Every structure is written in C-alpha cells, then in structure tokens.
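[1] this one's sequence-less:
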Ligand SMILES: Cc1ncc(COP(=O)(O)O)c(C=O)c1O
C-alpha cells in the first residue's frame, strides 16, 4: 500500500507553478516574450550585488555563515533594527513558514485578508492550522472585520502592506486602532514585500511598532522586488529578539546561501539602483494608468509595483490571448477575481507593448 499523508496535507491544492518562459515560447512557437506577471524588477539585479556575487563565488566550497552576521549587522546599522531581532530567510516566504511553525498548534487559527498572498493560507494548513480569510472591503484590507474575526484560538494575523494583489495600503490611524483592540498575545505579521514602492505618506512603518505594548509585530522584508534578487531567495524578518529566539529554534542552520547574503549586503549599498527602480516603477505605473483611462478600462491605483485592471470579460481569456502574443500577465481567477488581471510595471518599451497588445486583444474580442 502506498503511504498516505495525513488528511490536512492530502487536502491541500499545491501552489500552481508557472512554466519556464522558454518552454512556453517553444510550445507556442514564439520568441521575445515579456513577463509582467510576477512583480519582478524589470531593471535586472543590482549591479553592486552582481559584483559581490563574483567575489563570493570563490568561497563556494565553504558553508555560509548560518547566522547571517554581516547582513544583519548592516541592516541593524542602516535602519536601527534590533540586531538580535533580525532573522534571514530563504526569501521572506521562509519567515512566514518559520512564524507558523514556531507558534501554531493544530487547530489554531490564522487570520488573513482575502484576497492576499496565497502562501499565508497554504502555510497555515501545512501545520494543521485553520485559515480564517477575511474579505476585503472594496479594495482595502478590512481591519475592523479582521479584529472581529479574532477568537481565543487566533495565533497569527497576516497583514500585507501594500497588499498583493490590490496594491492598497493600510493607514497609520487604522493600524494603530487595530493594535489597540487585538489581544496582546496575538502575533501580527506585517508583510512589507512591496513597501519600497509606496508613495502614500499616511501608511505606517511596521518596524516602528516592534517591542511596544500590545500584540507582537513581526515585519517581513524582501530583496526579491526592489533590489532585483528574486532568483537568489533572500528576505528577512524584524521582530522582538524574544520572538526571533523561537524562530531560530525551527530554522535550518544554513537556510540562506553565501551568495545570497553577499548579494543582499551589496544591494543595500546600491542606493542608486533602488532609486532607479522606484523611478521606473512609478513612471511606468503612471503611464499605464493614463493608458487604461484612455481605453476606458477600470483600474485601481496601487502603492506596489503592480496594479489591477478590470476586463470586460473573463480574465482567463485575456491572459491566454496576451500570452499567445508574447505578453505574460496574471489572471486573478485563482484569487477569486474573475474579471481582473494584474500587471507589474516593466521597462517603458514593455509597458508600451502591453498597452498595444491589450488593445489588439480587446479589439479582436469585440470582433
Ligand atoms: C505579499 C508578498 N509577500 C512575500 C512575497 C515573497 O517574497 P520572497 O521572494 O521574499 O519570498 C511575495 C512575492 O510575490 C508577495 O507578493
């Protein structure tokens, strides 16, 4: 008899992996595709990071520094984060897992916005937890609704600021009100994967709330987006040192590679690259908003590097037709938003190609 996983594992639908772009092109008989589907940095990796990778490669025979000492020291010096409250992860994704693994017992509840990043729900279920999704209010995270969903079994609440897929941000006033009503033994994970793209001054800085009275706040940051290092898998969490001590108990000793640590360390010094990334993203989004308005397509302004556009038909249809023309975007069907596509800002020529191709696809559908 084949081994059978426990029911809470067998019931999970695996995270849908995308096909490699080269494979897709081969199947469709096309070339020169562009990808605006995964909120990646269109400029490539930070040049300083690339240089650091070159030097770090010479030491690949050695294990990495399992504590991430230099990167954590740099983060602590640059931003004033508590050194002992910093934890590196194989992408910020891994920190999500560590939080759940360290704190959840089967049957505990994990509250998250719906829709938001799919991984919160998945990871909660890995550990036998119960995901409690709370629907957005319009395009905004419903903090009042989330506070009302708290029960004695609630262990962790995920907030995504800016949210994926809407790009909406939480206001400082609403966040502080929320912290005032949520029980102090709850953990609030503030996922700031896209915070470098935010242009709204009214949103809170998650790290300002660490170590304060009330619920414990853990902030997640990543090098995957604004620093262009998604392929290396490196991110970090900032938290009270007492919480980091628990997460360290369930962390693999060498969870981030030496190359990733070296690249991230150098990328933190690349202010010019960060600023170029922000500029190209902001001007790209503003251009795309203008074009969507001209085409009469409803869209939602975002504080991240992507935004949602409402289609006059099923988003899956648009996704398919755009892909055949070499423009890869995301259909929001799996997020329960059947008519929405999500597109990230690319290089100017990529943005123009997206607009042109969308125009052609919509004209074709209208017949
Ligand atoms: C909200 C959110 N958090 C975290 C991540 C993952 O980041 P990382 O690449 O650091 O694991 C993503 C990636 O798409 C995301 O959208």
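    Sure thing, it's come through. Everything numeric here is computed off the predicted structure, so don't read it as measured data. Numbering: from 1, shown residues only.

[2] could you pull out the strands for the protein?
    Using DSSP state E, the strands assigned to the chain run over residues 34-35, 86-89, 109-114, 130-135, 154-160, 187-191, 216-222, 235-238, 299-300, 306-310, 327-328, 330-331, 340-344.

[3] Mind jotting down where the helices sit in the stretch 201-350 of the chain?
    241-249, 258-267, 271-295, 315-324, 348-366 (DSSP state H, counting those that start in this stretch).

[4] what helices or strands is the first one leaning on?
    Okay, so that is helix 241-249. In terms of contact count using 3 or more C-beta pairs under 8 Å, 6 or more residues apart in numbering; DSSP states H and E, helix 241-249 is assigned the packing partners strand 86-89, helix 92-103. (Each C-beta comes from the backbone N, C-alpha and C, glycine too.)

[5] got the contact list for the longest one?
    To tie it back to what came earlier, the one meant is helix 92-103. Surrounding helix 92-103, the residues in contact under the criterion C-beta atoms under 8 Å, 6 or more residues apart in numbering are 87, 89, 110, 119-120, 123-124, 126-127, 129, 155-156, 158, 187, 189, 191, 193, 218, 220-222, 224, 233, 235-237, 246-247, 249-251, 255.

[6] Measure how it sits relative to helix 241-249, angle-wise.
    For the pair helix 92-103 and helix 241-249, the angle between their directions (axes from the mean of the first three to the mean of the last three C-alpha atoms, to 10 degrees) equals 100 degrees.

[7] Pick out the residue nearest the middle of this protein.
    residue 193 (4.6 Å; C-alpha atoms, centre = their mean).

[8] can you list the residues of this structure near the ligand?
    Contact residues, the chain versus the ligand (C-beta under 6 Å from any ligand atom): 39, 91-93, 117, 160, 164, 191, 193, 222, 224, 230, 235.

[9] Turn those residues into TSV, including pLDDT.
    Converted to TSV, those look like this (pLDDT from 0 to 100):
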residue	pLDDT
39	97
91	98
92	97
93	96
117	93
160	98
164	97
191	98
193	98
222	98
224	98
230	98
235	98
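
[10] Among the residues you listed, which pair sits farthest apart?
    The distance between the two most remote of the residues of the chain next to the ligand (C-beta to C-beta) is 17.2 Å, for 160 and 230.

[11] Residue 274 and residue 197 touch, don't they?
    No: contact criterion C-beta atoms under 8 Å: residue 274 and residue 197 do not qualify, at 10.6 Å.

[12] Can you pull the residues that touch both of the two?
    Taking C-beta under 8 Å, 6+ apart as the contact rule, the neighbours common to residue 274 and residue 197 are residue 226.

[13] more crowded one of the two?
    For residue 274 against residue 197, the residue with the higher neighbour count under other C-beta atoms under 10 Å is residue 197, and the figures read 23 against 17.

[14] Could you check how far the more buried one is from residue 302?
    As defined by C-beta to C-beta, to the nearest Å, residue 197 lies at a distance of 8 Å from residue 302.

[15] list residues touching both of these two?
    residue 162.

[16] Show me this structure divided up by domain.
    Partitioning the chain according to automatic domain parsing yields domains covering residues 18-44+272-366, 49-267.

[17] out of these, deepest packed?
    Mean neighbours per residue, mean count of other C-beta atoms under 10 Å, is largest over the domains of the chain for domain 49-267, with a mean of 19.

[18] Can you give the distance of that domain from its chain's centre?
    Averaged C-alpha coordinates place domain 49-267 at 9 Å from its chain's average position (C-alpha atoms, centre = their mean, to the nearest Å).

[19] what about it, how long is it end to end?
    Length of domain 49-267, first residue to last, C-alpha to C-alpha, to the nearest Å: 5 Å.

[20] One more: stretch 155-169?
    Between the start and the finish of stretch 155-169 there is a gap of 23 Å, counting by C-alpha to C-alpha.

[21] separation between whichever residue of the stretch 51-200 of the chain sits closest to the ligand and residue 120?
    Each residue of the stretch 51-200 of the chain has a distance to the ligand, by C-beta to the nearest ligand atom, and the smallest belongs to residue 91, at 2.5 Å. For residue 91, the distance to residue 120 under the criterion C-beta to C-beta works out to 14 Å.

[22] Kindly report the same for residue 272.
    In this structure, residue 272 and residue 120 are 34 Å apart, going by C-beta to C-beta.

[23] Adding distance to residue 1, write the domains of the chain out as a markdown table.
    Rendered in a markdown table, the data for these read as follows (distance: least, C-beta to C-beta, whole Å):
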| stretch | distance to residue 1 |
| --- | --- |
| domain 18-44+272-366 | 33 |
| domain 49-267 | 23 |
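
[24] Surely the residue nearest to the centre of the chain touches residue 219?
    No: with contact defined as C-beta under 8 Å, residue 193 does not count as touching residue 219 (10.5 Å).
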